[in-house]
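*Asks:* What follows is a predicted structure for the sequence shown.
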Amino acid sequence: MNVEKAKKRIAKKINRGFKGYPLVSLAYFGETPEQATEVAIQYIEEEGAEPQEQRFTSKTDVREDESIQTVLLKIIERANANSVTEVEGVAPL
């Protein structure tokens, strides 16, 4: 899948806002605010449940990595998430 198409589909789900559980949350990390080399995706089944987390890393910006963005989208779709959130910006590693 094209990286721009995957990013657009993820952004569309994020822009819907909180619609209940299950919830998927994305957070980006990197050495600088301009380049995210790691992404963490968390899945929460219901309120109060322990989050399940998976991380993906890249030598380049993960936000521009076609395979990582496609995998994130597949995880969101397969989880049947009612809500998708994203932490703004790039947090330091």
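*Replies:* That came in fine, so what should we check first? Numbering: from 1, shown residues only.

*Asks:* Parallel or antiparallel, list what pairs with the longest strand anywhere in the chain.
*Replies:* Among the segments of the chain that qualify as a strand by DSSP state E, the longest is strand 83-92. Sheet pairing for strand 83-92, assigned by DSSP bridges, gives strand 23-30 (parallel).

*Asks:* For the partner strand, which outside residues touch it?
*Replies:* Residues outside strand 23-30 that contact it (CB atoms under 8 Å, 6 or more residues apart in numbering) are 10, 14, 36-44, 51, 61-63, 72, 75-76, 79, 81-87, 89-93. For glycine as for every other residue, the C-beta is placed from the backbone atoms N, C-alpha and C.

*Asks:* And for R9, the neighbour number?
*Replies:* 17 (other CB atoms under 10 Å).

*Asks:* With Q42 instead?
*Replies:* Q42 has 17 neighbouring residues, counting by other CB under 10 Å.

*Asks:* can you give me the helices for the chain?
*Replies:* 3-15, 66-78 (DSSP state H).
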